[in-house]
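A.B. asks: with the sequence up front, the predicted model follows.
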Amino acid sequence: HEGGVTTYLEFLDGNKFQWTSSLSAGEKSASKHYPNSEGIAYHNSTLYFVSKTIKSIFMLDLTDMTYTSERTGSNFQGQGSFNAQPDQIIKSV
């Protein structure tokens, strides 16, 4: 893969987010809001990933540029749960 632009996820106030070209802004946001993240998935204009450190799943609405999150033990979107051990996510049919 050649060319292209690298951007980083930055959470903003009011459950908004943006893609920034600033590595330091992306690192600061990750450290504060979604440390040790993995398990990315995309479905219906929504990007999903988990933070193992804070045991939360994040759902980014790529159309509205807003996000929500849910913690371990919640009734997750689609009736799933982490069973206290978030790791990776998959789309089930």
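C.D. replies: That came through fine. All values reported here derive from a predicted model rather than from experimental measurement.

A.B. asks: who are the packing partners of the helix or strand bottoming out on mean pLDDT in the chain?
C.D. replies: Here the helix or strand of the chain ranked lowest by mean pLDDT, DSSP states H and E is strand 37-43, holding a mean of 89. Secondary-structure packing of strand 37-43 (3 or more C-beta pairs under 8 Å, 6 or more residues apart in numbering; DSSP states H and E): strand 46-51. In this view, the C-beta of every residue, glycine as well, is placed from N, C-alpha and C.

A.B. asks: show me the strands paired with the strand it packs on, marking each as parallel or antiparallel.
C.D. replies: The strands that strand 46-51 pairs with in its sheet are strand 37-43 (antiparallel), strand 56-61 (antiparallel) (by DSSP bridges).

A.B. asks: list the buried residues in that strand.
C.D. replies: The neighbour-count check on strand 46-51 (16 or more other C-beta atoms under 10 Å) flags T46, L47, Y48, F49, V50, S51 as buried.

A.B. asks: with stretch 19-29 instead?
C.D. replies: Residues of stretch 19-29 classed as buried: G26, S29 (neighbour count, 16+ other C-beta under 10 Å).

A.B. asks: so F17, which state does it fall into?
C.D. replies: Using DSSP: H, G, I helix; E, B strand; the rest coil, the structure places F17 in strand.

A.B. asks: what's the average pLDDT for stretch 52-60?
C.D. replies: If you average the pLDDT over stretch 52-60, you get 90.
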